[in-house]
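Asks: after the sequence you'll find the predicted model.
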Amino acid sequence: MKKSEIMYGLHAVESLLKQSPERVLELWLLQGRDDDRLHKVIKLAQNFGITLQRASRKVLDDKAQSHQHQGIVVRVKPAKALIEKDLDILLEKTEQPFLLILDGVTDPHNLGACLRNADAAGVHGIIIPKDNSVSITSTVSKVACGAAEVVPVFQVTNLARTMRHIQQQGVWILGTAGEADSDIYHADMKGALAIAMGAEGKGLRRLTREACDSLISIPMAGTVSSLNVSVATGICLFEAVRQRQAAIE
């Protein structure tokens, strides 16, 4: 396991300072930058006694490997990896869990966008396989705009086995597949629910698909055959949000 890693971007660093300030080892700010957005982060850092260092743009570019860092870079302790037993704890304390399963998402920008969608939709946790999937990287955190520090991400050894396990805990799993007979607008997405999304193009792997309780599709009226996984995830999650809120009202 790495002793430290680099994070960057105003939203990601601000969320980190709010959620896990103890992880911050070093914090660098761009020389000459002085605005309200940066002041907010500076005040948070100072509240926790974190030393601020000013650096040139070249130094920050090097630390962030030329990614768009928005004038702020931090070196942090790696976050504690969440595994199957942590997922069990979440299920025990959550009355009607709302989960997202991502199978084979290897692009950090897609995972970051899915995290952002999940946070906005009120998802309790995301389940990803340890293999054949991107983990939480600095790029994921930057794209997620702070959601990576808020939404729990559980990395599991055997995704299909974990799916069967949460089914035994009363969670209904809906998997997405373009050829499914039922669509998201006719599916029951209330109660304890997990929505399984596959990688763009490949979709859900066979074992993952077989572990789902039911398969659903997103109606497509145009000529394109599929949507980006983060776009499709947002559509599915917010249809579930609509149904769940309607059930409460």
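Replies: Cool, the structure landed.
Asks: from V231, how far out is L52?
Replies: Distance, L52 to V231, by CB to CB, to the nearest Å: 38 Å. Just so you know, the C-beta spots here come from the backbone N, C-alpha and C atoms, and that holds for glycine as well.
Asks: give the contact list for A144.
Replies: 12, 111-113, 115-116, 119 (CB atoms under 8 Å, 6 or more residues apart in numbering).
Asks: neighbour count: L52 and V231, which is higher?
Replies: Applying other CB atoms under 10 Å to L52 and V231 shows that V231 carries more neighbours, namely 16 against 13.
Asks: which of the helices or strands spans the more buried one?
Replies: If you go by DSSP states H and E, V231 is part of helix 229-248.
Asks: so the residue most central in space within the chain, which state does it fall into?
Replies: By CA atoms, centre = their mean, the chain has its centre lying nearest to L115, at 2.5 Å. Look at L115: counting by DSSP: H, G, I helix; E, B strand; the rest coil, its state is helix.
Asks: thinking again about what came up before, and the helix holding V231, what does it pack onto?
Replies: Packing contacts for helix 229-248, counted by 3 or more CB pairs under 8 Å, 6 or more residues apart in numbering; DSSP states H and E, involve strand 98-103, helix 108-121, strand 172-176, strand 193-198.
Asks: swap in 7 Å and give it another go.
Replies: strand 98-103, helix 108-121, strand 193-198 (3 or more CB pairs under 7 Å, 6 or more residues apart in numbering; DSSP states H and E).
Asks: now the ones you listed in CSV, with distance to F48 and mean pLDDT?
Replies: Below are those laid out as CSV (distance: least, CB to CB, whole Å; pLDDT from 0 to 100):
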stretch, distance to F48, mean pLDDT
strand 98-103, 31, 98
helix 108-121, 23, 96
strand 193-198, 35, 97
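Asks: of all the ones you listed, which one is nearest R75?
Replies: Of all the helices and strands packed on helix 229-248, it is helix 108-121 that lies closest to R75, at 18.9 Å by CB to CB.
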